[in-house]
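*Asks:* Kindly generate the corresponding structure for this input.
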Amino acid sequence: MAGRVLVFSEPFGMGHERAAQALINGMKVLEPGIQAFHTNSIQSSFPRGTRYMTALYLQAINKFPRLWHRFYENGRQNRENSSSKKLIFKLLGGAIKKAVTDCKPDAVVCTHPFPASVISRLKQQGLSVPLVGIITDYDVHAYWLDENIDMYIVGNEALIDEFESFNFKPRCVSGEGIPIDLAFGSKPDKDYSRQKLGIFTKAPVILVGGGGWGLGNLDRIVELLDSIPGDNQIVVVTGTNDLMKAKLEAKFRSAKNVKVFGLVNNMHDFMAAADVMVTKPGGLTTSEGLAMGLPMVLFDVIYGQEEWNARFLSGNEAAVKCRAIEEIPRQVIGLLENAREHRLLVERALKIGKPNSGVDAARRILQLA
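*Replies:* Numbers count the residues shown, from 1 in each chain. Reported below is the predicted structural model:
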């Protein structure tokens, strides 16, 4: 039955936003008449300051990675976070309460723990609405733990046991996967995808990306990959990082085997065209890669959540993790030259991938609403 669902995300990485939109798209597939609303509580609370908050977050993970790692890991196992949650309620509570009051939803979904903690407190104050938390990394952080969350959706069934390590028993945990767009559920023909993107080659295609924000030393990585012997096509997607896009275009202007793209809305076509993807291990990007059965070489993890993503993927032998970017060419060559290793990585990725996660997660939520 059609109803009203309110979905909250936050601007700390594009993955939270993309997961929210993929979930809404999945709901509309199942219930065309559903009214699904997507909002960002930080944007609503601080319309003029969101850009600066995002910039501060980027500075933290880029300039002070080990400090960020310490901050993340200290909080990861620490359930004594009531003070910080009180602060988040003071900062975001007004905007979130208004959004809930205006929408009158049958269910609230959060892809980030900040709005989830605020909705939890509102439930303590009398709000009656099912609350769903979608964890968009392959890890469970203590900040997510909350007795007022009615259902958790995690990236894989194997993560369900992680809640027990906190001595926390959630009401319901489901392993439908991190919601990704349905486009990643059906892999188009490789040659067709290449022609669609203007990549006219039968040579191996190496896809390079740094997530939606284009993070990492992409210029250095492309330089290393360009030194690989043979006729390889390198395709780089820099996302919103216009400075990196301009830098790459200037540096490889005369290189016919290097193509540079900025922010794209058809990443599934790029993945379908590629033989290997070199990427940072963001939760959404790697979930999309797994669903497409694309061998992945992981680099430059963001200390914290992406380190755990890399551990999960490499632990399941579904991706190759590099300790330093100088290792990337060797790992890529190994996959391109060893058909058996390439095939095994494809099979392992498909085994744990969740190509229908957007619809499957939507179905569970609609059952709860």
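*Asks:* Quick one: list the elements packing against the lengthiest helix in the chain.
*Replies:* The residue-count maximum for a helix in the chain (DSSP state H) belongs to helix 82-103. Judged by 3 or more Cβ pairs under 8 Å, 6 or more residues apart in numbering; DSSP states H and E, the packing partners of helix 82-103 are strand 4-9, strand 35-40, helix 41-45, helix 113-124. (Each C-beta comes from the backbone N, C-alpha and C, glycine too.)
*Asks:* redo that, cut-off 6 Å
*Replies:* helix 41-45, helix 113-124 (3 or more Cβ pairs under 6 Å, 6 or more residues apart in numbering; DSSP states H and E).
*Asks:* which other residues reach the helix or strand that it is followed by?
*Replies:* Sequence-wise, the next helix or strand downstream of helix 82-103 (DSSP states H and E) is strand 107-110. With contacts defined as Cβ atoms under 6 Å, 6 or more residues apart in numbering, strand 107-110 is touched by 5-8, 116, 119, 129-133, 365, 369.
*Asks:* Show me the strands in the stretch 51-200 of the chain, by range?
*Replies:* Under the criterion DSSP state E, counting those that start in this stretch, strands of the stretch 51-200 of the chain are mapped to 107-110, 131-134, 151-153, 173-174.
*Asks:* Would you reformat the ones you listed as TSV and include mean neighbour count?
*Replies:* Output for the strands of the stretch 51-200 of the chain, formatted as TSV (neighbours: other Cβ atoms under 10 Å):
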stretch	mean neighbour count
strand 107-110	28
strand 131-134	26
strand 151-153	24
strand 173-174	20
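*Asks:* I'd like these laid out as TSV, including distance to residue 73 and mean pLDDT.
*Replies:* Output for the strands of the stretch 51-200 of the chain, formatted as TSV (distance: least, Cβ to Cβ, whole Å; pLDDT from 0 to 100):
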stretch	distance to residue 73	mean pLDDT
strand 107-110	23	98
strand 131-134	21	98
strand 151-153	21	98
strand 173-174	23	96
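*Asks:* Quick one: closest of those strands to residue 199.
*Replies:* Nearest to residue 199, of all those, is strand 131-134, at 33.8 Å by Cβ to Cβ.
*Asks:* I'd guessed residue 292 sits against residue 269; true?
*Replies:* No. Using Cβ atoms under 6 Å, residue 292 is not in contact with residue 269; the gap is 10.4 Å.
*Asks:* neighbour count winner among those two?
*Replies:* More neighbours surround residue 292 than the other of residue 292 and residue 269, with 27 against 18 (other Cβ atoms under 10 Å).
*Asks:* check contacts around the more buried one.
*Replies:* 184, 187, 271.
*Asks:* Relative to residue 21, how far out is the residue nearest to residue 175 when sequence neighbours are not counted?
*Replies:* Here the nearest residue to residue 175 in space, its sequence neighbours aside, is residue 157; by Cβ to Cβ, 6 or more residues apart in numbering that works out to 3.5 Å. Going from residue 157 to residue 21 by Cβ to Cβ, to the nearest Å gives 24 Å.
*Asks:* Show me which of the two is the more surrounded one.
*Replies:* Just comparing residue 157 and residue 21: by other Cβ under 10 Å the higher neighbour count belongs to residue 21, 18 against 14.
*Asks:* how about the nearest residue to the more buried one, chain neighbours excluded?
*Replies:* residue 38 (6.5 Å).
*Asks:* Which strand residues bridge the one you found?
*Replies:* Residue 38 has these beta-bridge partners by DSSP bridges: residue 7.
*Asks:* Any regions of the stretch 51-200 of the chain where pLDDT drops low?
*Replies:* By pLDDT under 70, the stretch 51-200 of the chain has no low-scoring segment.
*Asks:* Lovely, talk soon.
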